[in-house]
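*Asks:* Can you look at this prediction? I've put the sequence above it.
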Amino acid sequence: MKTKSENRVIHNTTSRLFKLYIFILAAINVAYIAIQMYKSKASQPFLTTGEITKAEFLKLDTLLSYSVLIETSLIALVGLYALFIFTKNTNTLYSFVVTHIRILILFFAISYALSWITSASVESLSGHLLGPFLITLAVFGYYLVKRLPKRVTVKKA
């Protein structure tokens, strides 16, 4: 059994780690949205003319590569943090799910508001949230299964 001081050290470390995690998560989200908004702005000229130069195509291809890299890093970050949380107790799993649902709703609201302000679509600004949502859903499913009673009795006919 852990002493109060050991629990306090673990809580402080987890709290600091969580704050760092949220900061990195927000930074990745901002970077992704910035790239998508720039990509939308850069694609406007050829959408009206119907023609694209090789330089414009390469620019958009590079932006696509960056957005895929950022989206992959977002999914990896959430996945790794979820694996870290699996080592904690079930209350931590529940906190993870609730916190992530709130964060994802906030990120989606920001994306939705920016889609009204800019020419970028809400799908392109919030598409990167699907992976973290599915991971959060999987953690919630695991949490529910873990909370089920250990023994399930089966009636024999």
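*Replies:* Right, received. Where do you want to start?

*Asks:* quick one: residue 46 and residue 59 touch, right?
*Replies:* No. Assessed by CB atoms under 8 Å, residue 46 is found out of contact with residue 59, at 10.7 Å. Bear in mind the C-beta positions are built from the backbone N, C-alpha and C, glycine included.

*Asks:* ok, for residue 125, nearest residue in space, not its chain neighbours?
*Replies:* Of all residues not flanking residue 125 in the chain, residue 111 sits nearest, at 3.8 Å (CB to CB, 6 or more residues apart in numbering).

*Asks:* Please report how far the spatially closest residue to residue 120 that is not a sequence neighbour lies from residue 121.
*Replies:* Excluding the flanking residues, the one nearest residue 120 by CB to CB, 6+ apart is residue 40, at 3.8 Å. Distance, residue 40 to residue 121, by CB to CB, to the nearest Å: 7 Å.

*Asks:* Those two - which one has more neighbours?
*Replies:* Set residue 40 next to residue 121 and count neighbours by other CB atoms under 10 Å: residue 40 wins out with 18 against 13.

*Asks:* so which strand or helix has that one?
*Replies:* Taking DSSP states H and E as the criterion, residue 40 maps to helix 4-49.

*Asks:* and the following helix or strand past that helix, how far from the chain's centre?
*Replies:* Using DSSP H and E, the helix or strand that directly follows helix 4-49 along the chain is helix 54-86. Helix 54-86 sits 11 Å away from the centroid of its parent chain (CA atoms, centre = their mean, to the nearest Å).

*Asks:* Helix 54-86 packs against which elements?
*Replies:* helix 4-49, helix 90-117, helix 130-147 (3 or more CB pairs under 8 Å, 6 or more residues apart in numbering; DSSP states H and E).

*Asks:* rerun that using 6 Å as the cut-off
*Replies:* Contact analysis of helix 54-86 by 3 or more CB pairs under 6 Å, 6 or more residues apart in numbering; DSSP states H and E lists helix 4-49, helix 130-147 as its packing neighbours.

*Asks:* Next, format the ones you listed as JSON lines and append distance to residue 102 and mean pLDDT.
*Replies:* Formatted as JSON lines, those follow (distance: least, CB to CB, whole Å; pLDDT from 0 to 100):
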{"stretch": "helix 4-49", "distance to residue 102": "11", "mean pLDDT": "78"}
{"stretch": "helix 130-147", "distance to residue 102": "10", "mean pLDDT": "90"}
